[in-house]
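> Coordinates for the following, if possible.
(chains A and B, ligands or ions: 2)
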Amino acid sequence: MSSQSDNAITIYPAPEDLPPLVRGLLENGEEVIAIARTDLVGSDYGEELVVLTNRRVLAVAEGRETRAIPLAKITAASIRGYINSCVLVVDTDEGSRGFAVFTRARLEAFEKFVTLTNNMVIGGGQYRLMRQVLDRIKRVSVSRGGRAVLVRLLGLLRPVMLLLISSILVAVAIRLLNMLPPYLMKSLIDEVLLNKQADRLFYIIVGLLAVNLVNTGLGTINAYLNTKFNVAIANTLRSKIYSKLHELSLSHYDQFGSGGLWSRIMDDVGRIQWAMQASFRDLFINAATVAFIGFTLVTLNAQLTLIVLLPIPVSVTATTIYRRLSSRYYQRMWRRWSRIVSIISDTINAVILVRSYGKESSFKDSFERYQEEFEKAQMDVFKFEQQIWPASGLAFTASSLLVWWIGGNQVLQGAISLGTLTAFTSYMWMFYSPVFGLIDNIKNLQILSMSASRVFDILDLEPDVVVTPEARDVEIRGDIAFNNVWFTYDGIHYALRGVNVKIRAGERVGLVGPSGSGKTTLAKLLLRLYEPQLGSLTYDGIDVKEIKMDSLKRQVAIVLQNPVLLDATIAENISLGASNAEPEEIIYAAKLARAHDFIMRFPEAYDFEVGMQGSRLSGGERARVALAAALLKNPKVLILDEPTAALDALTEDEVTEELERLTRGKTTVIIAHRLSTLRFVDRIIVMDKGAAVEEGPHEELLKRDGLYKKLWEAQLKGLTRMSQAEAGELYAAQRA
Amino acid sequence: MSSTLHRELRILDPKSVRVTAAYLDEVDVEINGELIQGVRPRKPFPYSHPEIVIFYKGNEEIGILKDYRMLDSESRGTLEKALRIVYFMPEIRKVLSIRWVQGRYEWRVVTDKGEEKFETWSRCVRVLPDGRLVVKDIYSRAYIVEHPEKLDAKSKALLTMMI
Ligand SMILES: Nc1ncnc2c1ncn2[C@@H]1O[C@H](COP(=O)(O)OP(=O)(O)O)[C@@H](O)[C@H]1O
Ligand SMILES: [Mg+2]
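Ligands and ions are numbered 1, 2, ... in the order given. Presented below is the predicted three-dimensional model:
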């Protein structure tokens, strides 16, 4: 059977969780890294276990022959995808072979399997480390739900508890007061009008007036408490999460994505705010009201109360059916509507096509057909609703008529008074709305606990870049060493695999490599934005873990590939790392970064506000502001991630010259996509697939006929008008 | 014209082609006596002309069969074995229920491979020009309804709601 189970892949299963089928096959010392489950065997549904161990890839199924390929023979794994089915392909020296089949439902699982296999083949042996990372990620992503979450949420909301309780009490008081008028009416009819007690008429009228006045007053108080409570919960929760944002590691940002964090702060808090009111607060109010009115109804007339209850199940059923089926009718209507929109838009946008192929009449026919189909869908919606709501309405009418019939007879027989019957019918209509409210409240509790658990997901995170207590202030000279550094963002794919790089103080190093080779990641580790899972990074021989965070950030500056700016003025953005910088220092830094001139072109100059994420500046301008900020820190180590990526070739040349001047004598790492930016560096390090594969000066690397030469030639091809020799000369000239 | 087209497209004469072995999505083919291993068959028009097959070796096109059913019966059987994997597509014979659950439709159907459950988004049915229906689930797996007109009344009613 095809199923979409979450256990389509198990990564690093505990030995006791291994299926017996697999356990029996393992050799001594063989460890299972992943088990993926197929949902096809040949062209039929079925399950095979595809197992990756530290030695082999196996395919195992009950009653089938086991296939195995030793890792030593494998050069790569991949997936071929078809309409429904996919084939796991294993490349060996002897060629590539399909190894297992599965449907697209298992694609994600097998993509992980392929990555893990390639890790083993290319990375070799570091799988134990990945296990630790994954364990941590797994621990984080267990979402809880249910009652425990609600209890925790209430704990979190303790500061607003008093508000909650008083708002519930006031609301209940209002509902109770609303129950008084029918009761007073009963007295009015039975005792005053029918018994002709004129003296009490005045008191009852005054009573009704008083109820109304008090009610109005309480209503205002209620509205006030309500608003206050709403704002207070949202604020309490939001500030809790917001302050957590600053404690989180960047790895958590990756895990949840900026959208995920955003939606938890904005949407989930909003949802909790709404649901606290719509489910939690109203639950108490409705329950109290149902209890009071129910009690009153029973006291007035127990027999009639039973009749009052009759339409409730009918209405609940109708609502349930409506919720289940209505979407189908509405979705169909929208689907058909969107076909009409799409054909009109095609006709307008592609009129030349329609005309030149003479398709007018066929378009007109289709359009007519779509209109008809839409009309039919719309009428079906109408018919459907006509079947549901009148039925439910009828139940209410029937029960109220029944109350009048039976109650009326009882009045005629003198069993109950006329006032009792009038009061009863009034209470009866007051009874329904809190009952349905209560049902909704209980449903909404689920939304509350779901949103709350999403918020707790964030609040429960623990930062993984830990501050070691023995960390100290260190004056960095600028010797940098990566010692066998392994790093993964997600626990499955390695961004860095065993990087060994040494940079001497004052040296200027270029970092090149295909995109995705790990250059930016390396830069981020230098600032300890992430923690390598294996290996170490040292400054002057001191492990970064032993250097205080602010000490490190004061002395190491990075200009990111796509620099982000704060929604603040240019001056504030430049002085981010040196908040007490003098204005002339800011101007000096901006001049160094070639930003001063464009800044002065704004009427507000340095006090110009750059907008959200710097959106009022161009990409190149943002890059230069970010560079100015980095320079103002006067860092010991400067890291530039593709500083010229956002610039055109002309400006690039200028900036490159400028960079050369700025970085003289400073330990500098420049990541560059355009190799021409690197003409002044002392040494070039070439990254590929997460490792440093070549290093040396430009000429030497060219002679080596490796990856660098390939990258160089590929870029030369871009400069069509320039022969390779010319380009080489140009390069040499520029370097001199 | 026609003969250049044949040469350019490398249209194969079914009599000169033998399919000797199938392994998952690959086959071994003998063309004019020359054996080529690890060949992948693909249909350029899987819905509208399922009889046309193009053979690939790596990324290289080896040739086109205008109608693979013209192969000798043994070759045809072997090729179909691979095609059944590459074009694996359950055929819906009966729709048991379609329910709206949390923004998706949950289908219970009977296919030629047995009873199945799958989920789709709202826009999930494609009507092919010949009237057949293709239903795509949230993983973009396709299920085909070969003869919508022959389905039982309930299945038809349920399917109509989805078009
Ligand atoms: N925040 C992230 N989360 C997950 N994977 C990432 C993240 N950033 C980068 N990667 C992955 O790490 C690898 C190296 O990326 P990166 O260091 O940005 O490469 P480069 O800068 O050389 O283009 C790539 O495979 C990329 O997809
Ligand atoms: Mg990068």
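
> Going along the chain, name the strands of chain B.
Secondary structure of chain B, counting by DSSP state E: strands at B:17-23, B:26-31, B:34-42, B:53-57, B:60-65, B:92-101, B:104-111, B:114-120, B:125-127, B:133-136, B:142-145.

> typo on my end, it should be the stretch 501-650 of chain A
Counting by DSSP state E, counting those that start in this stretch, the stretch 501-650 of chain A has strands at residues A:508-512, A:534-539, A:542-543, A:556-559, A:637-641.

> just for chain A, where's the confidence low?
Residue ranges of chain A with pLDDT under 70: A:1-6, A:123-146, A:464-467, A:645-651, A:718-736.

> Extract the CA atoms of stretch B:133-140 and return them as PDB.
Only the C-alpha atoms of stretch B:133-140 are listed here, as PDB (Å, rounded to 0.1, in the frame of the first residue of the first chain):
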ATOM      1  CA  LEU B 133      -8.900  12.100 -16.000                       C
ATOM      2  CA  VAL B 134      -5.600  12.400 -14.200                       C
ATOM      3  CA  VAL B 135      -5.700  13.100 -10.500                       C
ATOM      4  CA  LYS B 136      -2.500  14.500  -8.900                       C
ATOM      5  CA  ASP B 137      -1.900  14.100  -5.200                       C
ATOM      6  CA  ILE B 138       0.100  16.400  -3.000                       C
ATOM      7  CA  TYR B 139       3.300  14.600  -3.800                       C
ATOM      8  CA  SER B 140       2.400  15.100  -7.500                       C
END
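
> right, is it up against chain A?
Yes: for stretch B:133-140, a contact with chain A is found by C-beta under 8 Å from any C-beta of the partner chain, at B:137, B:139-140. C-betas here are computed from N, CA, C, even on glycine.

> Quick one: which of the residues you listed is the most crowded by neighbours?
With neighbours defined as other C-beta atoms under 10 Å in any protein chain shown, the most crowded of the residues of stretch B:133-140 next to chain A is B:Asp137; it has 24 neighbours.

> mind listing what it touches?
Neighbouring residues of B:Asp137 by C-beta atoms under 8 Å, 6 or more residues apart in numbering or on different chains: A:105, B:107, B:118-120, B:124, B:143.

> domain ranges for chain B?
Per automatic domain parsing, the domain ranges recorded for chain B read B:3-86, B:92-161.

> Hmm, A:Ala171 is touching A:Ile285, no?
Yes: with contact defined as C-beta atoms under 8 Å, A:Ala171 counts as touching A:Ile285 (4.6 Å).

> For ligand 1, tell me which of the contacts of B:Asp137 show up nearby.
Contacts with ligand 1 are made by none of those, judged by C-beta under 6 Å from any ligand atom.

> of all the residues you listed, which comes closest to ligand 1?
Among those, A:Ala105 lies closest to ligand 1 (C-beta to the nearest ligand atom), at 24.2 Å.

> For the closest one, which non-adjacent residue is spatially closest?
Nearest non-adjacent residue to A:Ala105, counting by C-beta to C-beta, 6 or more residues apart in numbering or on different chains: B:Tyr139, 4.5 Å away.

> can you check B:Glu149 too?
Closest to B:Glu149 by C-beta to C-beta, 6+ apart is B:Gly131, at 7.5 Å.

> and the strands of chain B, which is most packed in?
Highest mean neighbour count of the strands of chain B: strand B:142-145, a mean of 22 (counted as mean count of other C-beta atoms under 10 Å in any protein chain shown).

> hmm, who's touching that one?
Contact with strand B:142-145 is made by A:83-84, B:89-92, B:109, B:111, B:118, B:132-137, B:151, B:159, as judged by C-beta under 8 Å, 6+ apart.

> Now for residue 17: which residues touch it?
If you meant another chain, say so; for now it's chain A. A:Thr10.

> meant chain B, my bad for not saying
B:29-31, B:63, B:65, B:71, B:75.

> For it, give me the pLDDT.
Listed pLDDT for B:Val17 reads 96.

> now do B:Ile52
95.

> That one against B:Met70, yeah?
No: with contact defined as C-beta under 8 Å, B:Ile52 does not count as touching B:Met70 (11.3 Å).

> Tell me how far stretch A:219-236 lies from the chain's centre.
How far stretch A:219-236 lies from its chain's middle: 29 Å, per C-alpha atoms, centre = their mean, to the nearest Å.

> quick one: buried residues of it?
Neighbour counts over stretch A:219-236 (16 or more other C-beta atoms under 10 Å in any protein chain shown) mark A:222, A:225-226, A:229-230, A:232-234 as buried.

> CA atoms of it as CSV?
Taking C-alpha atoms only, stretch A:219-236 is exported to CSV below (Å, rounded to 0.1, in the frame of the first residue of the first chain):
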residue,chain,number,x,y,z
GLY,A,219,-20.7,46.9,29.6
THR,A,220,-18.3,49.8,29.5
ILE,A,221,-16.1,48.2,32.3
ASN,A,222,-16.3,44.9,30.4
ALA,A,223,-15.1,46.4,27.1
TYR,A,224,-12.3,48.2,28.9
LEU,A,225,-11.1,45.0,30.7
ASN,A,226,-11.4,43.1,27.5
THR,A,227,-9.3,45.5,25.5
LYS,A,228,-6.8,45.7,28.2
PHE,A,229,-6.6,41.9,28.6
ASN,A,230,-6.2,41.4,24.8
VAL,A,231,-3.3,43.9,24.6
ALA,A,232,-1.7,42.6,27.7
ILE,A,233,-1.5,38.9,26.6
ALA,A,234,-0.2,39.8,23.2
ASN,A,235,2.4,42.1,24.7
THR,A,236,3.5,39.7,27.4
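
> buried set for stretch A:312-327?
By 16+ other C-beta under 10 Å, the buried positions in stretch A:312-327 come out as A:312, A:314-315, A:318-319, A:322, A:325, A:327.

> Give me the residues contacting it.
A:384-385, A:388-389, A:391-392, A:395-396, A:432, A:435-436, A:439, B:99-100.

> TSV please, covering those residues and showing secondary structure and distance to A:Met600.
Converted to TSV, these look like this (DSSP: H, G, I helix; E, B strand; the rest coil; distance: C-beta to C-beta, whole Å):
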residue	secondary structure	distance to A:Met600
A:Phe384	helix	67
A:Glu385	helix	66
A:Ile388	helix	69
A:Trp389	helix	69
A:Ala391	helix	75
A:Ser392	helix	72
A:Ala395	helix	77
A:Phe396	helix	75
A:Tyr432	helix	71
A:Val435	helix	70
A:Phe436	helix	66
A:Ile439	helix	66
B:Arg99	strand	65
B:Trp100	strand	61
